[in-house]
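# Build me a structure from this.
(one chain, ligands or ions: 1)
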Amino acid sequence: MANILLVEDDTTFSMILENFLQKKGHQIVTTHDVKSSIKALDSKKYDVLLLDYRLPDGNGLDVMVAAREKDQNVPVIIMTSFNDVRTAVRAIRSGALDYITKPVNPDELAMILNEALERKESAPVKRQDVLPAFIEGESDASKKLHEYIQLVAPTAMSVIIQGESGTGKEYVAGSIHRLSKRASMPFVAIDCGSLSKDLAASELFGHVKGAFTGALQDKKGQFETANGGTLFLDEVGNLSYEVQVKLLRALQERVIQPLGSTRQIKVDVRIITATNDDLLSSVSRGEFREDLYHRLNEFKIQVPSLRSRDNDLQVFIKHFITLANIELDRNVKKLSPQVNDIFKQYDWPGNLRELKNVIKRMVLLSGGEEAGIESLPEEMIASVNQPVKQPSGTDLKAINEATEKELITETLRKVKYNKSQAAKLLNIDRTTLYNKMEKYQIE
Ligand SMILES: Nc1ncnc2c1ncn2[C@@H]1O[C@H](COP(=O)(O)OP(=O)(O)OP(=O)(O)O)[C@@H](O)[C@H]1O
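Predicted structure coming up:
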């Protein structure tokens, strides 16, 4: 039995979900907008937050941020329409555990909920003693990636791993650790995106009893836990300025000081960080310390997007089918040729994570040995089959906007979503590009 906060503005759908979840033995509190959800967070601790993305007075991420601020670091599942999958990807980037596309399939929801409840104990810090299987891929981009991993792994260098959401940055970090001299020591992964500002310092450096309200006993920081091994800081750009200062000191002087303590603790930790964004632009905006950036950036690895990994798609499809078969006790052997075609054309904004999720859903819904098009979300099929619709008639403004949107999307795709390069090609400045991306909801 879990305590679930369900936030959904469609009251009929909300009731259906509530009934379904109650039948599974869970206790549900339902709210329909951001404001009442934030109130509901004050009255109770939840095990999972199940949040619709679009809400009348904001969106699901607003509720997630409020929860983090109230120290409710619970798993968050975002419900979104397939067309908003890019939004879901952004949600994962900001610390949500998973997303589910509407229309919600009950079996899929039950599966994701169970996973969330299982993982609840360990979020946002994961200590991995056994790292999962790492698939190398066959494309040129993969070969280059592995060359770099092997090159940097045995050294003591700090590494920044850059790449779109879901490309496998944490997997790359784990792989570096496994191939390093520290392999027999801990690998600790921290998702800085899901840590509230106050929590981050205590999570990293620990605290002593009474250091702040709520510090009821001494707590060891993850720096100490990872001593001798590797500390992986995902979404490092989200750390507050104060924590950045403390982190720099820890790296330069190799000592940490738990909050509220005068004790200095020696630590020997290799730091690997990951970011979705270009950290350098955060540096130029003054949001990320330049000295820390250089200390972290002794070596940079760019993880390729799935759409640029050519023949790797087939390798990963096979791998994820095997994983899903084991987990769901199914016997799917392959995807139908039609599905394969769609997969090749689709642009996978959520990269490997999205592929894994889509395949898991297909395996769950397929009874036989071949997963067919009927187990794919309809909108995914539509997104591949329908080119951008040009408005017809004489509405010049609408036609111009549609053309502009298509050109920006196409250019971004061409330069693999490098916004500086896209802005240059489009002959506009970056701010204009960002504004237009926002206007046309291009992620
Ligand atoms: N090389 C790989 N071999 C097997 N599975 C992989 C590999 N890389 C990624 N995956 C799968 O893709 C999923 C996403 O990977 P991961 O969490 O490492 O991405 P990420 O880039 O760190 O995401 P985010 O930007 O959201 O932090 C993982 O759950 C894993 O299942």
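
# which ones are touching E401?
By C-beta atoms under 8 Å, 6 or more residues apart in numbering, the contact set of E401 is Y440. Backbone N, C-alpha and C define where each C-beta goes, glycine included.

# correction: A116
Neighbour list for A116: V48, P75, I77, L97, D98 [criterion: C-beta under 8 Å, 6+ apart].

# Please identify, among those, the one with the most neighbours.
Among the contacts of A116, the one with the most neighbours (other C-beta atoms under 10 Å) is P75, at 24 neighbours.

# do stretch 188-201 and the ligand meet?
No. No part of stretch 188-201 sits near the ligand under the criterion C-beta under 6 Å from any ligand atom; the closest distance found is 7.2 Å.

# So for that stretch, mean pLDDT?
Per-residue pLDDT values over stretch 188-201 give a mean of 82.

# In contact with E290: list those residues for me.
With C-beta under 8 Å, 6+ apart, E290 has these contacts: V283.

# The chain should start at 2 in everything you say after this.
Noted, 2 is the first residue going forward, which turns the last one into E291.

# Got the phi and psi for it?
When read as degrees, to the nearest 10, the backbone of E291 gives phi -70, psi -40.

# Next to the ligand, which bits of the stretch 252-401 of the chain? Give me the list.
Checking the stretch 252-401 of the chain against the ligand by C-beta under 6 Å from any ligand atom, the hits are A275, N277, H320, L353, R354, K357.

# same deal with the stretch 102-251 of the chain?
Proximity of the stretch 102-251 of the chain to the ligand is confined to F135, I136, G164, S166, G167, T168, G169, K170, E171, Y172, D235 under the rule C-beta under 6 Å from any ligand atom.

# Tell me how the protein divides into domains.
With domains defined by automatic domain parsing, the chain comprises 4-120, 126-303, 310-372, 397-440.

# Which of the ones you listed has the lowest mean pLDDT?
Looking at these, the bottom one is domain 397-440 with a mean of 81.

# how far does it stretch from start to finish?
18 Å (C-alpha to C-alpha, to the nearest Å).

# ok, now stretch 421-438?
Terminal residues of stretch 421-438 lie 13 Å apart, using C-alpha to C-alpha.

# Buried residues in it, which are they?
When burial is assessed from 16 or more other C-beta atoms under 10 Å, stretch 421-438 yields the following buried residues: A423, A424, L427, L434, K437, M438.

# cool, stretch 149-168 as well?
Within stretch 149-168, the residues that qualify as buried are 149-150, 153-154, 159-168, counting by 16+ other C-beta under 10 Å.

# go on, stretch 36-54?
Residues of stretch 36-54 classed as buried: 36-39, 41-42, 47-54 (neighbour count, 16+ other C-beta under 10 Å).

# Looks like S166 contacts L353 (just checking).
No. Using C-beta atoms under 8 Å, S166 is not in contact with L353, being 9.9 Å away.

# which residue sits closest to V316, ignoring its sequence neighbours?
Distances taken as C-beta to C-beta, 6 or more residues apart in numbering put G138 closest to V316, at 5.6 Å, once the chain neighbours are dropped.

# check contacts around the nearest residue to K71 once chain neighbours are set aside.
Excluding the flanking residues, the one nearest K71 by C-beta to C-beta, 6+ apart is L42, at 5.3 Å. For L42, the contact set (C-beta under 8 Å, 6+ apart) comprises L6, V64, A67, A68, K71, Q73.

# Now, the contacts of A117 that are in strands?
Assigned to strands by DSSP state E, the following of those qualify: V49, I78, D99.

# Residues in a beta bridge with the second one, which ones?
Here I78 shows beta-bridge partners L51, D99, assigned using DSSP bridges.

# Could you tell me how far it is located from the ligand?
15 Å (C-beta to the nearest ligand atom, to the nearest Å).

# cool, and S140?
Per C-beta to the nearest ligand atom, S140 is found 12 Å from the ligand.

# burial count for that residue?
Neighbours of S140 using other C-beta under 10 Å come to 17.

# pretty sure it is touching N312, no?
Yes. Contact criterion C-beta under 8 Å: S140 and N312 qualify, at 5.6 Å.

# How about the stretch 102-251 of the chain: which residue is closest to the ligand?
Relative to the ligand, the nearest point of the stretch 102-251 of the chain is G169 (2.6 Å; C-beta to the nearest ligand atom).

# quick one, what contacts the closest residue to that residue other than its chain neighbours?
Leaving aside its sequence neighbours, G169 sits nearest to L353 (C-beta to C-beta, 6+ apart; 5.3 Å). Under the criterion of C-beta under 8 Å, 6+ apart, the neighbours of L353 are G167, T168, G169, L307, F317.

# can you put the residues you listed in JSON lines and add secondary structure and distance to K198?
Formatted as JSON lines, the contacts of L353 follow (DSSP: H, G, I helix; E, B strand; the rest coil; distance: C-beta to C-beta, whole Å):
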{"residue": "G167", "secondary structure": "coil", "distance to K198": "25"}
{"residue": "T168", "secondary structure": "coil", "distance to K198": "27"}
{"residue": "G169", "secondary structure": "coil", "distance to K198": "28"}
{"residue": "L307", "secondary structure": "helix", "distance to K198": "33"}
{"residue": "F317", "secondary structure": "helix", "distance to K198": "36"}
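
# Can you redo these as a markdown table, where the extra columns are distance to S337?
Below are the contacts of L353 laid out as a markdown table (distance: C-beta to C-beta, whole Å):
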| residue | distance to S337 |
| --- | --- |
| G167 | 24 |
| T168 | 26 |
| G169 | 26 |
| L307 | 20 |
| F317 | 17 |
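
# Just the closest of the residues you listed to K335, please.
Nearest to K335 among these is F317, at 13.8 Å by C-beta to C-beta.

# Does that closest one touch I136 like I think?
Yes. If you go by C-beta under 8 Å, F317 and I136 touch, sitting 6.3 Å apart.

# related to what we said a few turns ago, tell me which residues touch the residue of the stretch 102-251 of the chain closest to the ligand, please.
Residues near G169 by C-beta under 8 Å, 6+ apart: V304, N352, L353.
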